[in-house]
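1. below are the sequence and a predicted model; questions follow.
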Amino acid sequence: MFRKLVLAAALAAASFSAAAADKYEFDGGHTNVVFSWNHLGFSNPQARFTKFEGEVLLDTADLTKSSVNVTLPVDGLATDVPKFDEHLRSADFFDLAKFPTATFKSTKVEKAGDKKLKVSGDLTIHGVTKPVVLDVTVNAVGDHPMSKKPAAGFDASITVKRSDFGLGKFAPNVSDDVKIQITTELRKAGA
């Protein structure tokens, strides 16, 4: 009997903690995923992913119990230079035909100071998965001033070595280090 009570309590606790995280959706008009690199020491070009999909489970009472799972379709890669977009999508770099998406799936969220988080996870690009840690700033969590509905806003950054993902062509003349900057607004699903 005692075992059954302990099991029932554990299941109830698990259900309660799972229920504390709500699904949030990306606000496409206020979300950007931008990456930049150094080109021969002369410039720092940027590219962006114009498409993204995924799921964010947000526990607003304890953000460390939150998770994110994002997919970035490589056909949404854009530099505003069509010929260069084609080159980045070619087998020289992202190889869109073989690897149509890049993904990030969180494995842990930790506090890192006031309004700061470290989000660990698995980043997959070009068919290669590596553990990474995003530095995240919590911009705001609460009711959105315009919609009056639950929302959240975050900025995140990370620097990765493109050669780690099989994208090292032209390095070191074109920097191996790539800076990724993310800003996002999220809206609570169904709110």
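-> Cool, got the structure.

2. and stretch 83-97, end to end?
-> Counting by Cα to Cα, to the nearest Å, you get 17 Å between the two ends of stretch 83-97.

3. mean confidence for that stretch?
-> Per-residue pLDDT over stretch 83-97 has a mean of 96.

4. in this protein, where's the longest strand?
-> Longest strand in the chain, counting residues (DSSP state E): strand 128-143.

5. who touches the helix or strand that comes right after that strand?
-> Counting by DSSP states H and E, the next helix or strand C-terminal to strand 128-143 is strand 150-161. Among residues not part of strand 150-161, those counted as contacts by Cβ atoms under 8 Å, 6 or more residues apart in numbering are 22, 24, 27, 30, 58, 60, 119, 123, 130, 132-144, 168, 176-188, 191. Where C-beta positions appear, they are placed from N, C-alpha and C, glycine not excepted.

6. circling back to that earlier point, identify the neighbouring strands of the longest strand of the chain in the sheet and state each direction.
-> Sheet pairing here is set by DSSP bridges, and for strand 128-143 it gives strand 116-125 (antiparallel), strand 150-161 (antiparallel).

7. pull the distance from that strand to the chain's centre.
-> Mean-position distance between strand 128-143 and its chain equals 7 Å (Cα atoms, centre = their mean, to the nearest Å).

8. mind listing what residue 96 touches?
-> Counting by Cβ under 8 Å, 6+ apart, residue 96 touches 74, 75, 89, 90.

9. ok, now which ones touch residue 100?
-> Taking Cβ under 8 Å, 6+ apart, we find residue 100 in contact with 73, 74, 75.

10. ok, now residue 130?
-> So residue 130 contacts 122, 123, 124, 160, 164, 165 (Cβ under 8 Å, 6+ apart).

11. JSON lines for these, including pLDDT and distance to residue 151?
-> Formatted as JSON lines, these follow (pLDDT from 0 to 100; distance: Cβ to Cβ, whole Å):
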{"residue": "122", "pLDDT": "98", "distance to residue 151": "27"}
{"residue": "123", "pLDDT": "98", "distance to residue 151": "26"}
{"residue": "124", "pLDDT": "98", "distance to residue 151": "28"}
{"residue": "160", "pLDDT": "98", "distance to residue 151": "29"}
{"residue": "164", "pLDDT": "97", "distance to residue 151": "34"}
{"residue": "165", "pLDDT": "97", "distance to residue 151": "32"}
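
12. of those residues, buried ones?
-> Those of the contacts of residue 130 that meet the buried threshold are 123, 124, 160, 165, by 16 or more other Cβ atoms under 10 Å.

13. how much space separates the last one from residue 176?
-> Here the distance between residue 165 and residue 176 works out to 11 Å (Cβ to Cβ, to the nearest Å).
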